[in-house]
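In: only geometry, no sequence info:
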């Protein structure tokens, strides 16, 4: 009977010690592994929700261990991704603006931008801010040049005319290509 009691008490003590060791290990693993992983998960969720401006908090974990280094690397990647997205977006917006308002052959403002400038000039003249003039010109028989000498020659002529018009006008002027062989100043 004493042996049975001793065995039961030993098993009970071992069970209590295992519970204690398990709890200590769980708390240690939670602090060392689970909390940093949850922190990294929160950062990744914030980056997913707003990739252009992720709201990530600075890491409280030391980058000198594996988990802290992984968190630091993840945060660097999140910030790098945000910078890349913003750069691509800015570049695309610039390209869209250029395509919408500038002639791709001559680089001069197109009809849309010319009309915007004209509208601003009209508003300025109504307010007594000065006068302006509009000059339009087109190249006579330009279709014949394209047909006989080719589009490459025609394009070179259009670029040269645009460049000469632009260089001969004051900086405050707007020189634009408004049509196939038409320019407006």
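Out: Everything's here; your move. Quick caveat, the model's predicted, so the values are computed rather than measured.
In: Tell me how many other residues crowd residue 16.
Out: 10 (other C-beta atoms under 10 Å). Using the backbone N, CA and C atoms, a C-beta is placed for each residue, glycine as well.
In: any idea which element it lies in?
Out: If you go by DSSP states H and E, residue 16 is part of helix 2-29.
In: Now do that helix: which elements does it pack against?
Out: Of the remaining helices and strands, none touches helix 2-29 by 3 or more C-beta pairs under 8 Å, 6 or more residues apart in numbering; DSSP states H and E.
In: Flag every buried residue along that helix.
Out: By neighbour count with 16 or more other C-beta atoms under 10 Å, helix 2-29 contains no buried residues.
In: How far off centre is it?
Out: 59 Å (C-alpha atoms, centre = their mean, to the nearest Å).
In: quick thing: my sequence starts at 855, can you match it?
Out: Okay, residue one is now 855; in that scheme the one you just asked about reads as helix 856-883.
In: The following helix or strand past that helix - what's its average pLDDT?
Out: Scanning forward in sequence from helix 856-883 by DSSP H and E, the next helix or strand is helix 889-903. Per-residue pLDDT over helix 889-903 has a mean of 93.
In: likewise stretch 953-961?
Out: 96.
In: for it, which positions count as buried?
Out: Judged by neighbour count (16+ other C-beta under 10 Å), stretch 953-961 contains these buried residues: 956-957, 960.
In: same thing with stretch 970-982?
Out: By neighbour count on 16+ other C-beta under 10 Å, the buried set for stretch 970-982 is 971, 975.
In: just checking, residue 1011 touches residue 999?
Out: Yes: Residue 1011 lies in contact with residue 999 (C-beta atoms under 8 Å); the separation is 6.5 Å.
In: shared neighbours, the two?
Out: Any residue near both residue 1011 and residue 999 by C-beta atoms under 8 Å, 6 or more residues apart in numbering counts here, and that gives residue 993.
In: any chance of the buried residues of stretch 953-961 in a markdown table, with secondary structure and distance to residue 882 too?
Out: Formatted as a markdown table, the buried residues of stretch 953-961 follow (DSSP: H, G, I helix; E, B strand; the rest coil; distance: C-beta to C-beta, whole Å):
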| residue | secondary structure | distance to residue 882 |
| --- | --- | --- |
| 956 | strand | 64 |
| 957 | coil | 69 |
| 960 | coil | 71 |
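In: so, if you compare the residues you listed, which one comes nearest to residue 918?
Out: Of all the buried residues of stretch 953-961, residue 918 sits closest to residue 956, with 52.8 Å by C-beta to C-beta.
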